[in-house]
Every structure is written in C-alpha cells, then in structure tokens.
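**Student:** Just a sequence and a predicted model for now, questions to come.
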Amino acid sequence: MTKRNIYLIAGHGEDDGKMIRDVIRENGMEGASAAYIGTANGEHPMFFERMKEGLLAAGVEKVTLAPLVGRKRNVEKAKAAIRDAQVIFISGGEVEDGMKGLPEDVRAALWEQYEAGALYIGISAGTIMMGKAWPHWDDEDNDFDNAWLFDCIGFVPTVFDTHCEDEGWPELKKAVELSAEGFTGYGIPAGGMVIYTPDGRMESNMPLDPFTNRGGKAVPGEG
C-alpha cells in the first residue's frame, strides 16, 4: 500500500482541532479506527480524553489507547491497537519520556503501519518524536554543555521543535549543533503544521524557523 503524508502539528494554536479535522477528511479517514500513543504525557487521562474527543469530532469511528505506561502497560495489546488502526495519533508531553515508553518492537509496529499506509498525526512532542533525534542532558543546569542525541522514531530524517519561538529554540539549536555539518533542523511556530510527503518533500502552512550546523554552531538556515 502507498505510504501517506505525515502531519506534524506544533500545537498551542487555536486551530489544532480544525487541522486534525481537515487532515482526517482530506485523507478520507472518516469512519476509520485510530490508535492513541500517549507515552509523552504518561497517558494522562485528560490529554487522552481531549485528543479522543477531537479525533471523534473529526470523523474517526473509535479511538483506542495503546497501553504503554504504568500498571496497565501491555505491549502486546499496544501493538495490536497499532496494527488495527488506520490512523495513529502521537500526543504531546515530554519527548524523552515519550521515546522511553516505546520499546523496539512497538517502534517496529509503528513503522510497519506507516509502510502499510496508516495516517500519522503528531502534535507537540509527538511531532518531535516522529523526527530523527532529540537532545538529552545529564545536567540541564550545566549550560547545555553535556548534551547528546537520542534516537526518535525517524519517520522524518530531520529534527523539529514546536511552539518555542518565544524562547529562541534552544533545544532545537542544540540538536542541530550535535548533528553533522550542514544538517538543518526546523522550528514549527505555534499554530503551524508541516506535511512530510512520501517522496521527502516538506510543506508548511506558515514560515518555519530553520537552523543549520555550520562549524558546530546552529545558525539561521534556509527553510
């Protein structure tokens, strides 16, 4: 089956719900089943119910939590929820927590569904998780000097940050600095959405903030 576009939403914008509705309808996914990945927020019930409500309002038939956190963690049930879904929604929270909650076999199931033509939507940390990598700090008070990159899901071969334009994108810049010379990462401002196509193109509904590694420093790049 043909791969679909991947939809990367910054979040914290008034139009998040409309974006999700448009994505579901443009892809003919009314009546589809959806799996919810909430590892980034510890599968917080409030986040789940809010995103579930939004997805149902957009036209999906049902939304199933993939249970990967806490006492209800069940990796086999999570993989089954992913494999039964035509829409996979990856929610926001903390990126590192989100990735720690995805064991290798669950990541493999996510990739299988992508290859099989499932529709992927991420928001905030979920958007970052679908990129290549993200930085970890052993001591966040040490001026970001002791950072290293950990792998994310990798559907999109670059790095993103979301809705941090007011802070100047410090984490995104560090991710770029820890990458290879010439590597470019992208900040998606609040209210923004990037569409990543199967042939490797990126489209966005507003200007992005790109940064490129030049001599180990993140400098403004070309979007």
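**Tutor:** Done, it's in.

**Student:** tally of neighbours for the closest residue to residue 125 other than its chain neighbours?
**Tutor:** Nearest non-adjacent residue to residue 125, counting by C-beta to C-beta, 6 or more residues apart in numbering: residue 40, 4.1 Å away. The C-beta positions use only the backbone N, C-alpha and C, and glycine is treated the same way. Neighbourhood size, residue 40 [other C-beta atoms under 10 Å]: 29.

**Student:** Next: residue 187.
**Tutor:** 23.

**Student:** Show me what it is bridged to.
**Tutor:** With DSSP bridges applied, residue 187 shows beta-bridge pairing to residue 161, residue 209.

**Student:** For the closest residue to residue 67 other than its chain neighbours, grab phi and psi.
**Tutor:** The shortest distance from residue 67 to any non-neighbouring residue, by C-beta to C-beta, 6+ apart, is to residue 74 (4.9 Å). Here is the backbone geometry of residue 74 (degrees, to the nearest 10): phi -150, psi 100.

**Student:** repeat for the one 3 residues further on
**Tutor:** As for residue 77, its main-chain torsions (degrees, to the nearest 10) stand at phi -70, psi -40.

**Student:** Surely it and residue 67 touch.
**Tutor:** Yes: between residue 77 and residue 67 there is a contact at 5.7 Å, judged by C-beta atoms under 8 Å.

**Student:** Among those two, which residue is more densely surrounded?
**Tutor:** residue 67 (19 against 15).

**Student:** Tell me both backbone torsions, phi and psi, for the more buried one.
**Tutor:** Backbone phi and psi, for residue 67 under degrees, to the nearest 10, turn out to be phi -80, psi 110.

**Student:** follow-up on the earlier one: check the residue nearest to residue 125 and give its pLDDT.
**Tutor:** Predicted confidence (pLDDT) at residue 40: the value is 98.

**Student:** and the spatially most central residue of the chain, what element?
**Tutor:** Nearest residue to the geometric centre of the chain (C-alpha atoms, centre = their mean): residue 127, 2.1 Å. Secondary structure assignment for residue 127, by DSSP states H and E: helix 125-129.

**Student:** Residues touching that helix, excluding its own?
**Tutor:** 8-11, 37, 40-41, 89-95, 98-99, 122, 134, 152-153, 159-162, 188, 194 (C-beta atoms under 8 Å, 6 or more residues apart in numbering).

**Student:** Can you turn the buried part of these into a ChimeraX selection?
**Tutor:** Selection of buried members from these for ChimeraX, criterion 16 or more other C-beta atoms under 10 Å:
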select :8,9,10,11,37,40,41,89,90,91,92,93,95,98,99,122,134,152,153,159,160,161,162,188,194
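
**Student:** From the contacts of helix 125-129, which land in helices?
**Tutor:** Of those, the ones assigned to helices by DSSP state H are 95, 98, 99.

**Student:** gap between the two ends of stretch 36-45?
**Tutor:** End-to-end distance for stretch 36-45: 12 Å, by C-alpha to C-alpha, to the nearest Å.

**Student:** Can you show me the helices along the chain?
**Tutor:** 16-26, 45-58, 75-83, 95-100, 104-115, 125-129, 170-177.

**Student:** what's the most buried one of these?
**Tutor:** Stretch with highest mean neighbour count among the helices of the chain: helix 125-129 (a mean of 28; mean count of other C-beta atoms under 10 Å).
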